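Undergrad: coordinates only, sequence not included:
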């Protein structure tokens, strides 16, 4: 065994956590949100008039006065400094998909050899990072550096603790000097505003004179892998691309399904407990933790929050997972497909909409066929997915997710809706002329006297559907584990706003008489279902039959990121985003440019890594084994014995094939000059990726033959099962 690999295995086996155990038990309510400048803190520290003005901004979107900001800044900084903070940071979410922050000290020289606290309302509201150094898709030229961060009052500030100090983090939006969005947050807030406006129009028609602000809500589940950190650093592919570019399947993978919901290993559970504790302090309402299907795969999930806050918290979840893991000698992998041949990781985004005055608008109640308001909102969602499927698909398109979508662990790239038996039956009745009944929920008995009868849900779940109704919400299961949920939520909110706009416009023409209005609603529902029912599918989305049926129905099926982005980049997308003020044509165009460029860079990095690892690690290991076998064969001949050269012949062939594949990859890895980003994407898919796959196929076959002591890389069996 190679020295590097041997040391990695020894380190993994002998690991002992050196950190002092974290107290994660006790009364969680005593420390939940302790590092958040919460409503409770604001109420305690702000004058009543200022507090009320701030709540109006948060709850009703009323513009904030600078005089209010000055008072809030003084209270916020005082609270932070009391807790040990020395700096504040405007945290924002650029189009890299990562977080960004610029730290400034609370203190400034007083000119007399001392310091004074310096944090004003203006500093709270606005910052000025360098806009030219973030991707802008042509919105900002390199020499145009000015960009602004703007305080998002709807997402509370929080303290981020580190070993040597504490920083006040202020969630902000990021825009250019011209006011164009350069981040993920601005379009999300715009989409939520558009959705609220159109939902209010519909609700007023159903008798809600003052429905209040309607929020899009989200509860994103997060899947991830944990492997020993020693293995991570011994794998250049994991270190630089987030996934293994080589690796033969181990004798045991996930066939036995003994990982799923199994007992959590001690080291992993200790890690999870600290993650939960850190997130509780930050006010992140994480609820569940468990083993996932693949070996070394896990999941964490919070409860529902407003889409904007859920997005900010989702970034904190990813950061915390990766920040805490090294303390336990672990590396957290968020890539969609770190290991070939076993399940990859997604981020199932549970999505609903509602408000304090109207409740959850996607709650069907006990008799969905009688709940016209619910049926209208549900039908609007069906229409939105059908008409704007390419936007939904494009929202989850990136290089990592291409390895996951369509495999037997994730929904296919075909966007469809699972409604379940009860709702499908109700909508079929509506399409046929009118709904008269809903299938009843019964009681489930399992034949054991000591077990109580269990209330049955109206329908089973479908884990293969990309967009499934799950009782009182939709679950968008196509989102990738490394993604920000902001992009998918922007699309969901925007296409739902467009659909509700259509509903409101049609129903506003209806007579005010209640009976005639109900008839108009029934006719509209019937029309919407008949025109959009092609997207409803309750069967197995993995089956080959569904792909044929989806094609017959005319549903789009963009199987790769370049295809998905090209399909999304159309007149309809630009018009929908622009009409509801979510993204201007220029802002939308810039994003398509950025996502294509990101795809090109991701694949190029992988291709260069593939070539480098094959040349400098895998091929030399094969040559050493070839030499060993040759020496053995020669020694046998000298002894007058006829040595069997079957393995030597196989290694000779594999090394020859590997050399050819590497030579070909070297020839194609550099993209020809003069190609646009769409052309570069097509070149990578058609030319580079197939050659990378050829290199891997040969290398993985060589791994199965090569002497274990010579193989330089930690194997799948070691990474997935030594914890």
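TA: Thanks, I have the structure now. Just so you know, these numbers come straight off a predicted model, no measurement behind them. Numbers count the residues shown, from 1 in each chain.
Undergrad: Secondary structure class of the nearest residue to residue 288 once chain neighbours are set aside, three-state.
TA: Among residues not flanking residue 288 along the chain, residue 301 sits closest, at 4.7 Å (CB to CB, 6 or more residues apart in numbering). The way it works is simple: take the backbone N, C-alpha and C, and place the C-beta from them, glycine included. What DSSP: H, G, I helix; E, B strand; the rest coil gives for residue 301 is strand.
Undergrad: Can you get me a residue count around the nearest residue to residue 296 once chain neighbours are set aside?
TA: Once flanking residues are discounted, residue 296 sits nearest to residue 720: 4.7 Å by CB to CB, 6+ apart. By other CB atoms under 10 Å, the residues close to residue 720 number 25.
Undergrad: what packs against the strand or helix carrying residue 720?
TA: Assigned by DSSP states H and E, residue 720 belongs to helix 716-721. Applying 3 or more CB pairs under 8 Å, 6 or more residues apart in numbering; DSSP states H and E, one finds that helix 716-721 makes contact with helix 3-14, strand 222-228.
Undergrad: can you do 10 Å?
TA: Secondary-structure packing of helix 716-721 (3 or more CB pairs under 10 Å, 6 or more residues apart in numbering; DSSP states H and E): helix 3-14, strand 222-228, helix 229-233.
Undergrad: The residue nearest to residue 296 is in contact with residue 333, isn't it?
TA: No - look at residue 720 against residue 333 with CB atoms under 10 Å: they stay out of range, at 11.1 Å.
Undergrad: ok now do residue 183, which residues does it touch?
TA: For residue 183, the contact set (CB atoms under 10 Å, 6 or more residues apart in numbering) comprises 92-96, 100, 134, 147, 149, 172-175, 484, 486.
Undergrad: make it 7 Å
TA: By CB atoms under 7 Å, 6 or more residues apart in numbering, the contact list for residue 183 reads 92-95, 173-174.
Undergrad: ok, which pair from those is furthest apart?
TA: The most widely separated members of these, counting by CB to CB, are 95 and 173 (12.7 Å).
Undergrad: how close does residue 157 sit to residue 148?
TA: Counting by CB to CB, to the nearest Å, the separation of residue 157 from residue 148 is 18 Å.
Undergrad: more crowded one of the two?
TA: residue 157 (26 against 20).
Undergrad: where does the chain dip in pLDDT?
TA: For the chain, applying pLDDT under 70 flags the ranges 1, 12-13, 16-26, 130-132, 139-146, 255-256, 406-409, 435-462, 643.
Undergrad: Give the helix, strand or coil label for the residue positioned nearest the centre of it.
TA: The chain has residue 483 as the residue nearest its centroid, 3.4 Å off, counting by CA atoms, centre = their mean. Judged by three-state DSSP, the three-state class of residue 483 is coil.
Undergrad: Was I right to think it contacts residue 346?
TA: No - applying CB atoms under 7 Å, one finds residue 483 not in contact with residue 346, separated by 9.2 Å.
Undergrad: longest helix of this structure?
TA: helix 585-613 (DSSP state H).
Undergrad: Remind me what that one packs against, helices and strands.
TA: In terms of contacts (3 or more CB pairs under 7 Å, 6 or more residues apart in numbering; DSSP states H and E), helix 585-613 is packed against helix 236-241, helix 399-402, helix 561-568, helix 571-579, helix 646-668, helix 677-683, helix 689-705.
Undergrad: Most tightly packed of these?
TA: Of all these, helix 399-402 has the most neighbours on average by mean count of other CB atoms under 10 Å, namely a mean of 26.
Undergrad: circling back: so how many other residues sit close to the closest residue to the residue nearest to the centre of the chain other than its chain neighbours?
TA: Leaving aside its chain neighbours, residue 483 sits nearest to residue 347 (6.2 Å; criterion: CB to CB, 6+ apart). Other residues near residue 347 come to 29 when the count uses other CB under 10 Å.
Undergrad: And for residue 280?
TA: When neighbours are counted by other CB under 10 Å, residue 280 registers 19.
Undergrad: From residue 227, how far off is the residue nearest to residue 296?
TA: From residue 720 to residue 227 the distance is 7 Å (CB to CB).
Undergrad: same thing with residue 401?
TA: Plainly put, residue 401 is 21 Å away from residue 227 if you go by CB to CB.
Undergrad: try residue 106
TA: Counting by CB to CB - residue 106 and residue 227 are separated by 40 Å.
Undergrad: Quick check on these two: which one has the bigger neighbour count.
TA: Between residue 106 and residue 227, residue 227 has the larger neighbour count (other CB under 10 Å), namely 26 against 19.
Undergrad: Nearest spatial neighbour of the more buried one, chain-adjacent residues omitted?
TA: Spatial nearest neighbour of residue 227, excluding adjacent residues (CB to CB, 6+ apart): residue 719 at 4.8 Å.
Undergrad: Please identify the buried residues of the longest helix of the chain?
TA: Applying a neighbour-count criterion of 16 or more other CB atoms under 10 Å, one finds 587-596, 598-600, 602-604, 606-611, 613 buried in helix 585-613.
Undergrad: and residue 90, which of the three is it?
TA: strand.
Undergrad: quick one: which helix or strand includes the residue located most distally from the centre of the chain?
TA: Distance from the centre of the chain peaks at residue 640, with 64.4 Å (CA atoms, centre = their mean). Residue 640 belongs to no helix or strand when assigned by DSSP H and E.
Undergrad: phi, psi of it?
TA: phi 80, psi 20 (degrees, to the nearest 10).
Undergrad: Spit out the contact partners of residue 499.
TA: Contact analysis of residue 499 by CB under 7 Å, 6+ apart lists 380, 383-384.
Undergrad: Closest to residue 236 out of those?
TA: Residue 236 lies nearest to residue 384 out of the contacts of residue 499, by CB to CB, at 43.4 Å.
Undergrad: other SSEs contacting whichever strand or helix holds the closest one?
TA: Here residue 384, judged by DSSP H and E, is contained in helix 372-387. Packing partners of helix 372-387 (3+ CB pairs under 7 Å, 6+ apart): helix 486-507, helix 514-532.
Undergrad: so can I have CSV of those showing distance to residue 558?
TA: Formatted as CSV, those follow (distance: least, CB to CB, whole Å):
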stretch, distance to residue 558
helix 486-507, 14
helix 514-532, 20
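Undergrad: looking at those, which is buried most?
TA: Mean neighbour count (mean count of other CB under 10 Å) peaks for helix 486-507 among the helices and strands packed on helix 372-387, with a mean of 24.
Undergrad: now that one: how far from the chain's centre is it?
TA: A distance of 21 Å separates the centroid of the chain from that of helix 486-507, by CA atoms, centre = their mean, to the nearest Å.
Undergrad: right, so of the helices and strands packed on helix 372-387, which gets closest to residue 682?
TA: Taking CB to CB, helix 486-507 is the member of the helices and strands packed on helix 372-387 nearest to residue 682, at 22.6 Å.
Undergrad: Contacts only, for the nearest residue to residue 532 once chain neighbours are set aside.
TA: Of all residues not flanking residue 532 in the chain, residue 386 sits nearest, at 4.0 Å (CB to CB, 6+ apart). Going by CB under 7 Å, 6+ apart, residue 386 touches 532, 534-535.
Undergrad: could you redo the last one with a cut-off of 10 Å?
TA: Residue 386 makes contacts with 415-417, 495, 499, 528, 531-536, 553, 555, as judged by CB under 10 Å, 6+ apart.
Undergrad: same question, residue 309
TA: Residue 309 neighbours (CB under 10 Å, 6+ apart): 152, 154-156, 171, 215, 217-218, 283-285.
Undergrad: ok, 6 Å please
TA: Counting by CB atoms under 6 Å, 6 or more residues apart in numbering, residue 309 touches residue 155.
Undergrad: What of residue 610?
TA: 245, 692, 695.
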